[in-house]
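> dropping a prediction and its sequence here:
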4 protein chains.
Amino acid sequence: MTIPIAILGATGYGGGELLRLFLRRKDVAIRHATSRTEAGKHVSSAHRNLDGLTDLRFSAPTEAELLRDCEVVFSALPHTASAKALAPFIAAGKRVVDLSGDFRLRTADAYHEAYSHTHPHPELLADAVYGLPELHRERIRGARVLASPGCFATAIELALLPAARAGVLGNRLSVVAMTGSSGSGAEATRGTHHPTRDQTLRPYKVDGHQHCNEIVQTLGEAAGSPTPFRLTFTPVSAPLVRGILAIATAPLARDLSATELETIYEEAYAGEPFIKLVRDREPEPGPVNGTNYAEVRARLSRHGELIAMCAIDNLVKGGAGQAVQSFNIMMGLPETEGLDWPGTWP
Amino acid sequence: MTIPIAILGATGYGGGELLRLFLRRKDVAIRHATSRTEAGKHVSSAHRNLDGLTDLRFSAPTEAELLRDCEVVFSALPHTASAKALAPFIAAGKRVVDLSGDFRLRTADAYHEAYSHTHPHPELLADAVYGLPELHRERIRGARVLASPGCFATAIELALLPAARAGVLGNRLSVVAMTGSSGSGAEATRGTHHPTRDQTLRPYKVDGHQHCNEIVQTLGEAAGSPTPFRLTFTPVSAPLVRGILAIATAPLARDLSATELETIYEEAYAGEPFIKLVRDREPEPGPVNGTNYAEVRARLSRHGELIAMCAIDNLVKGGAGQAVQSFNIMMGLPETEGLDWPGTWP
Amino acid sequence: MTIPIAILGATGYGGGELLRLFLRRKDVAIRHATSRTEAGKHVSSAHRNLDGLTDLRFSAPTEAELLRDCEVVFSALPHTASAKALAPFIAAGKRVVDLSGDFRLRTADAYHEAYSHTHPHPELLADAVYGLPELHRERIRGARVLASPGCFATAIELALLPAARAGVLGNRLSVVAMTGSSGSGAEATRGTHHPTRDQTLRPYKVDGHQHCNEIVQTLGEAAGSPTPFRLTFTPVSAPLVRGILAIATAPLARDLSATELETIYEEAYAGEPFIKLVRDREPEPGPVNGTNYAEVRARLSRHGELIAMCAIDNLVKGGAGQAVQSFNIMMGLPETEGLDWPGTWP
Amino acid sequence: MTIPIAILGATGYGGGELLRLFLRRKDVAIRHATSRTEAGKHVSSAHRNLDGLTDLRFSAPTEAELLRDCEVVFSALPHTASAKALAPFIAAGKRVVDLSGDFRLRTADAYHEAYSHTHPHPELLADAVYGLPELHRERIRGARVLASPGCFATAIELALLPAARAGVLGNRLSVVAMTGSSGSGAEATRGTHHPTRDQTLRPYKVDGHQHCNEIVQTLGEAAGSPTPFRLTFTPVSAPLVRGILAIATAPLARDLSATELETIYEEAYAGEPFIKLVRDREPEPGPVNGTNYAEVRARLSRHGELIAMCAIDNLVKGGAGQAVQSFNIMMGLPETEGLDWPGTWP
């Protein structure tokens, strides 16, 4: 049995990764890879890696055609546009998987604070499930509206989730996370201009990144605490293509030995198919490049603080890969289907 | 049915790529991944991408154990050492696939000229098949000693093969080819020291690269010409990790129109599973990164010369991937088995 | 005595380098750094390296103001716009230094062929001097219209100039030259988008680069030969910020020993303040990064061909630095003034 | 008047930068650039940027020769070796400038804690002055033993110095700092192997970097506080050649407005020749590449914490450049002599 899907906004990097990850699957059929501006062109015009591997072309189907042809709709559209585009499919009872920030926050107010836009469909927020399988696997199973987490949010949440859940995470989170240039999307911009991106490290949106709300919401949920975590987050543009490295420092809510801390992380991630707890080295994105894996390590500092680190591929575990992982769970397919290939290193 | 194999010299990049490519295959079982110095350590100690994906450890089996356990032996050992290590398996009638330069040249003299070493087993050269499937697919089928081509050689040969075969390649080949740093292997050296490798472009072994003989031999064979091609080849160290781009300029043996030239390439590569003839852009290694694909384009210059370009991943189509492709052919398996995944881009 | 100058189009990389090179000079005063769109802003808004080092702001002076205030006008405007902007100053008897391609070619036809535009002031071409000091030092002294060479042209010409002058350069020039991303200018474009520029090597304008005419004209002039050289030139976008490496292969017009070839290059470049003939290694751009120096080496191939290589910083010896060198000569100042600082390496 | 100097250990990056910075100075004469292994070779054999710019060769003078020939001795030797080599010069009343960690810490115990070695000359520690001009300008004037700060230490201290001095720095410092590969020195190592350094971000020496003691000592001194600061520092290897970006998060000791914080930094760094307080963007190392400048910015987070950032070139302001700055002060020369050139950008 084959599940017919559509990918809305398929020319960007999120769309390209969904295409790559679904291309060889027998259990999924890509019916539409939409693009208003590129309709009719071969998908390899935007995604050179797909050259010669498929006959798929971008299309601009009507809503009716999409409703008729597809069982699940993925959206790689920008925020706001995504919620608008997905609303009819949700209304029609289709399952949707959204890679934008539109369904991640529980309230329209939080959304407004993060994105400075009024949410176009606040009535749909209640039904959305935040697609972090390591936290919400059970809820994802029955989800109809799946909000796939942000890239930075995924890395920071995976670094801190076990501590939050165990109730040992103190309340001043200081996070620095570095990202590769693919995180900025497929459009050439000042921030991704090679001459001024290649040999520098550039903080941006200091203490003001739109993923902050998402992170605080998720960790709060994991901790079950009424007081929201206080997060100070500094994102940094780094000169690599793919990869996020998040480094979080936080007080512990109670004294812990290094062994206790290790046990908390081991138990939290036991059996998790995509979490690699690294021990004799530190997490780094290189070895998980191109894959859905995350490298995680928690350490106890000399001053008794938590230093938690996570490395992911921002476009895979921090984007399309995690969306596919949630889709697999949601549809009752093997969770690792199409995702468990080793990456290249170097 | 599962084919038991060994990988000799499995700590380097060639060995790491063989491990990656075979890890998920059901039709092949890696019985030994040998390393004298790392025996007992998990393969992820050298290959971080394999962390958590396998229980395989490096081993140091005896020759007898290897003969007993394996049907096919891959060698990723350095030249000379490779021929020495493989000789007993060849003698025992096992099939061997060699990634070094030891079995690529037809004569011990040519080998000495290229490698400045005396060939340890010249008597084995006659049986070796040069594993470029686009040229030797039929011979590979029956091969017992498979010599997998060099990385630069692969790129340059694939750029020029159709012209050579069609008898239109003139006799002054001027080639510049750039390579990523992974081509220098897993050992840190002056040439791969990041500070002095990252922001420069460095010619090396100008007109003296050891792959020259291999290229001239292969193109001569393809052309069926008695006069050896005159090749002037300048390799360049470029600041990327993976990838080779070869640019060959050559006179044509007779006048050709652009359309005739295009037809020659299309016909030569029709049905080739790993050759992508690109048309509205130029070949570049980025989109084939991590894959066994080659991008090829031939152009006619304003002065009636051939400009032929080829881009590959030096470790895959220029290394382990092509060896696996030949292995597939040799063993009667589907040629693309384990190799036809789309790469990532960006 | 201080020479008052203007820099037209000062927001781009050419303009930024002129600012950097003149900023600390006592013998030159930058009166205007013009920009229509950025007028009023501090120059560091475009050139972050100048932050805190000057009070200079971009301005949008009238032609009358420029004529009144400046003795020499540098233009870093795009081609065609540059000739239009400089014409009034030439008419008024001011000296001008043009970094665009507008005054490099001797005829309006050649200009049209290279740039697909009609030259706006063909009557000015006769007076222009091509500012390659190694060829035209004497003519530069008296120049009023100085056409500073293109970046690729500089590297390729410096590689071949001694051979051309000595009459030993044969007539089939095959050139591959790689360039850093700063060569594409300060505007973010598809070709400089970090994710798709960083880990690849991309040929472009194959056999059709606008510098071809300039190179053929200059080498022809140096050789004094009636037959134009036949040049096949493939430019490659490489993943570094600054630097060009040009590799030229050509037949020799007559048999030469390696020593004779070396002598030709040594004599040609004896006393040249910015040419470094490298001997025990190959030319590479890294060590001349940020400087006006060029590394050059000529080799004799096994087949008796010339392999000539040159490495420069595309923005300095291939741009603003060479323009300053010519300006120094033109104004009777020490040729190396402001230019003889060692670069950084690594 | 010319000051005769020696540079001990001149083949590394510290030595190379000292050579570069002194090469064009008329007030300083490099009498010896020592290297035991490279003695007799031209300095460009190690430092390609100096090719053709000097006749200087590495030498291996006796102690007596150095004492006779030089007034000031710079050491770019490794720690422990440096103190041993400098002791005779200190004893002879020469001034010394040490780029290693040997004279930075005030006690032999702190030294042992940081470097796991017994200090070879603890009796000399009392006389040493820590060469951070922004803190110790007056003491540097009379110094005879100048301990030039570490690269990470410089960046972190400059980020926090004004807050520490003003007594507003709270006591839990959480720092993440990223460094380019040149920070690892001129020897090729696993950590600087291009294939595994180029596309990743790698934490190392987490909470255990040898600069921690130096930072805590310096900030404590600046704050005049009896309680040492608690510092949690995570260094990260980043894929660029030069540059450090330090991001420090810390509670404030008392409530401050954003304006008050800004005033503290402005007043602290008013008149500092090498500190650039950036306002409408964040500090980044690119624009100070190759220079002695530091970009600094302090921000107040939404939760009332300090986010302080500093970017430097690790080899210049974080190494040889700062040593030259201190030398200038120590010798009564203009502080910016040979150091106030604009860097290149991009």
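Now that the structure is in, tell me what you want to look at. Residues are numbered from 1 along each chain as shown, chains lettered A, B, ... in the order given.

> tell me how many other residues surround A:Val216.
18 (other C-beta atoms under 10 Å in any protein chain shown). The way it works is simple: take the backbone N, C-alpha and C, and place the C-beta from them, glycine included.

> surely it is in a helix?
Yes: the assignment for A:Val216 by DSSP: H, G, I helix; E, B strand; the rest coil puts it in a helix.

> isn't it up against A:Leu231?
Yes: counting by C-beta atoms under 8 Å, A:Leu231 is a contact partner of A:Val216 at 5.5 Å.

> packing partners for the lengthiest helix in chain A?
Determined from DSSP state H, the single longest helix within chain A is helix A:151-165. Contact partners of helix A:151-165 among helices and strands, from 3 or more C-beta pairs under 8 Å, 6 or more residues apart in numbering or on different chains; DSSP states H and E: helix A:133-141, strand A:172-179, helix A:212-223, strand A:230-237, strand A:244-251, helix A:258-269, strand A:294-300, strand A:305-312.

> now do stretch A:8-15: distance to the chain's middle.
The chain centre lies 14 Å from the centre of stretch A:8-15; the measure is C-alpha atoms, centre = their mean, to the nearest Å.

> can you check stretch A:102-115 too?
16 Å.

> quick check: end-to-end length of it?
9 Å (C-alpha to C-alpha, to the nearest Å).

> what about A:Ala6, which helix or strand?
strand A:3-8 (DSSP states H and E).

> any buried residues in that strand, and which?
Along strand A:3-8, these residues count as buried under the neighbour rule (16 or more other C-beta atoms under 10 Å in any protein chain shown): A:Ile3, A:Ile5, A:Ala6, A:Ile7, A:Leu8.

> how confident was the prediction at A:Ala126?
Looking at A:Ala126, its pLDDT stands at 94.

> what number of residues lie near the closest residue to it other than its chain neighbours?
Distances taken as C-beta to C-beta, 6 or more residues apart in numbering or on different chains put A:Arg106 closest to A:Ala126, at 7.9 Å, once the chain neighbours are dropped. Look at A:Arg106: counted by other C-beta under 10 Å, it has 17 neighbours.

> quick check, A:Arg106 in a helix?
No: looking at A:Arg106 with three-state DSSP, it is coil, so not inside a helix.

> I figured it hits A:Leu124, correct?
No: taking C-beta under 8 Å as the definition, A:Arg106 is not a contact partner of A:Leu124, at 11.6 Å.

> next, the distance between the ends of stretch A:131-151.
The first residue of stretch A:131-151 is 12 Å away from its last residue (C-alpha to C-alpha).

> now do the buried residues in that stretch.
Result for stretch A:131-151 [16+ other C-beta under 10 Å]: buried residues A:131-136, A:140, A:143, A:145-151.

> circling back: against which helices or strands is the strand holding A:Ala6 packed?
For strand A:3-8, the packing partners by 3+ C-beta pairs under 8 Å, 6+ apart are helix A:13-22, strand A:28-34, helix A:63-69, strand A:72-75, helix A:81-91.

> and these as a markdown table, adding distance to B:Leu245, mean pLDDT and mean neighbour count?
Converted to a markdown table, the helices and strands packed on strand A:3-8 look like this (distance: least, C-beta to C-beta, whole Å; pLDDT from 0 to 100; neighbours: other C-beta atoms under 10 Å in any protein chain shown):
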| stretch | distance to B:Leu245 | mean pLDDT | mean neighbour count |
| --- | --- | --- | --- |
| helix A:13-22 | 22 | 98 | 26 |
| strand A:28-34 | 29 | 98 | 22 |
| helix A:63-69 | 41 | 97 | 14 |
| strand A:72-75 | 34 | 98 | 26 |
| helix A:81-91 | 38 | 98 | 19 |
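
> turn those into TSV, including distance to chain B.
Output for the helices and strands packed on strand A:3-8, formatted as TSV (distance: least, C-beta to the nearest C-beta, whole Å):
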stretch	distance to chain B
helix A:13-22	5
strand A:28-34	13
helix A:63-69	23
strand A:72-75	17
helix A:81-91	22
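
> any chance of these in CSV with distance to B:Asp27 as columns?
Formatted as CSV, those follow (distance: least, C-beta to C-beta, whole Å):
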stretch, distance to B:Asp27
helix A:13-22, 23
strand A:28-34, 24
helix A:63-69, 36
strand A:72-75, 32
helix A:81-91, 41
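
> closest one to D:Tyr13 among these?
helix A:13-22 (36.7 Å; C-beta to C-beta).

> and the residue of the stretch 1-150 of chain A closest to chain C?
Using C-beta to the nearest C-beta, the closest approach of the stretch 1-150 of chain A to chain C is made by A:Tyr13 at 7.5 Å.

> so that residue versus B:Pro88, what's the distance?
50 Å (C-beta to C-beta, to the nearest Å).

> got the residues of the stretch 101-250 of chain A near chain D?
A:172, A:174, A:176, A:178, A:195-196, A:198-204, A:206-207, A:230, A:232, A:234, A:236, A:238-243, A:245, A:247, A:249 (C-beta under 8 Å from any C-beta of the partner chain).

> hmm, back to that, now do the contacts for the residue nearest to A:Ala126.
For A:Arg106, the contact set (C-beta atoms under 8 Å, 6 or more residues apart in numbering or on different chains) comprises A:Leu125, A:Ala126, A:Gln217.

> how does it look with 10 Å?
The contact partners of A:Arg106, taken as C-beta atoms under 10 Å, 6 or more residues apart in numbering or on different chains, are A:Leu125, A:Ala126, A:Ala128, A:Tyr130, A:Ala147, A:Asn213, A:Glu214, A:Gln217, A:Glu221.

> filter these to the buried ones?
Buried, going by 16+ other C-beta under 10 Å: A:Leu125, A:Ala128, A:Tyr130, A:Ala147, A:Asn213, A:Glu214, A:Gln217, A:Glu221, out of these.

> which positions in the stretch 151-300 of chain A make contact with chain C?
Neighbours of chain C within the stretch 151-300 of chain A, by C-beta under 10 Å from any C-beta of the partner chain: A:180-200, A:237, A:239-242.
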